[in-house]
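Asker: Got a predicted structure plus its sequence, pasted below:
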Amino acid sequence: MMTRFFSFLKSAPVALLLFLMPFVQGHAAESFNQEQLTVTSPEGVVHKFTVELALTDSQRQQGLMFRRHMADNAGMLFDFDESRRVTMWMKNTFIPLDMLFINEDGTVTSVKHNAVPQSETVIDSGGLVRFVLELNTGIAKKLMLKPGSRVESAHIKRLN
């Protein structure tokens with residue numbers, strides 16, 4: 001009987017540590033719904049992505065933090081529930097990112113290229129936006145995405 005008790009004590013801290021790891025890292029792991037999204041450059045070239053949707057406060061706070069990689073055709077779309085000036089940062093984000101700031105009708109208003117991983121420097125939308133699309137760094141330049149590009153998805157269409 002005592003042997004089983006000591007065996008339990010040895011495994012209990014490990015189990016507790018595994019359970020608490022997301023909280024120890026500073027966040028509880030959120031799950032994100034996904035959808036297809038297209039970005040059309042001002043020249044009319046269409047690019048397709050599969051994006052995760054950050055729709056709640058806790059999802060927006062977590063974003064892509066603690067991730068080590070993301071597929072080239074993937075991203076995260078943040079919806080801030082209303083048009084407003086948005087500020088982002090890269091604390092606890094290990095992937096260098098491009099950020100597309102998007103107004104309510106899906107038009108890209110500005111692009112931040114190569115946001116530095118783990119930086120606490122504030123990245124400002126520069127005006128009123130409703131959405132931010134985060135992509136791997138270099139994708140915006142490679143695909144010639146810039147102000148005037150159009151973003152479409154089921155989520156954005158639902159709102160218009």
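Answerer: That came in fine, so what should we check first?
Asker: For the residue nearest to R60 when sequence neighbours are not counted, list the residues it contacts.
Answerer: What sits nearest to R60 in space, not counting adjacent residues and going by C-beta to C-beta, 6 or more residues apart in numbering, is A54, at 4.8 Å. Heads up, the C-betas are built off the backbone N, CA and C, glycines and all. With contact set as C-beta atoms under 8 Å, 6 or more residues apart in numbering, A54 has these partners: 32, 60, 62-63, 76-79.
Asker: Dig out what A54 forms beta bridges with.
Answerer: A54 has these beta-bridge partners by DSSP bridges: F78.
Asker: filter the contacts of A54 to the buried ones?
Answerer: The neighbour-count test (16 or more other C-beta atoms under 10 Å) marks 32, 60, 62-63, 76-79 as buried among the contacts of A54.
Asker: export those to JSON lines and tack on distance to H69 and pLDDT?
Answerer: Listed next are these as JSON lines, based on distance: C-beta to C-beta, whole Å; pLDDT from 0 to 100:
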{"residue": "F32", "distance to H69": "16", "pLDDT": "95"}
{"residue": "R60", "distance to H69": "21", "pLDDT": "95"}
{"residue": "Q62", "distance to H69": "17", "pLDDT": "95"}
{"residue": "G63", "distance to H69": "15", "pLDDT": "95"}
{"residue": "M76", "distance to H69": "13", "pLDDT": "98"}
{"residue": "L77", "distance to H69": "19", "pLDDT": "98"}
{"residue": "F78", "distance to H69": "20", "pLDDT": "98"}
{"residue": "D79", "distance to H69": "24", "pLDDT": "97"}
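Asker: Throw the residues you listed into TSV and include distance to K146, thanks.
Answerer: Shown next, in TSV, are these (distance: C-beta to C-beta, whole Å):
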residue	distance to K146
F32	26
R60	24
Q62	28
G63	23
M76	20
L77	18
F78	19
D79	22
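Asker: would you list every one of the helices in this structure?
Answerer: For the chain, the helices defined by DSSP state H cover 2-24, 57-62, 139-142, 154-159.
Asker: Least confident of the ones you listed, on average?
Answerer: Note on the helices of the chain: lowest mean pLDDT is at helix 2-24, with a mean of 45.
Asker: so where is this protein shaky, pLDDT-wise?
Answerer: Scanning the chain for pLDDT under 70 picks out 1-29, 158-160.
Asker: Enumerate the beta-bridge partners assigned to the closest residue to E152 other than its chain neighbours.
Answerer: In space, and not counting its chain neighbours, E152 is closest to T38: 5.1 Å by C-beta to C-beta, 6+ apart. Using DSSP bridges, the beta-bridge partners of T38 come out as K48, E152.
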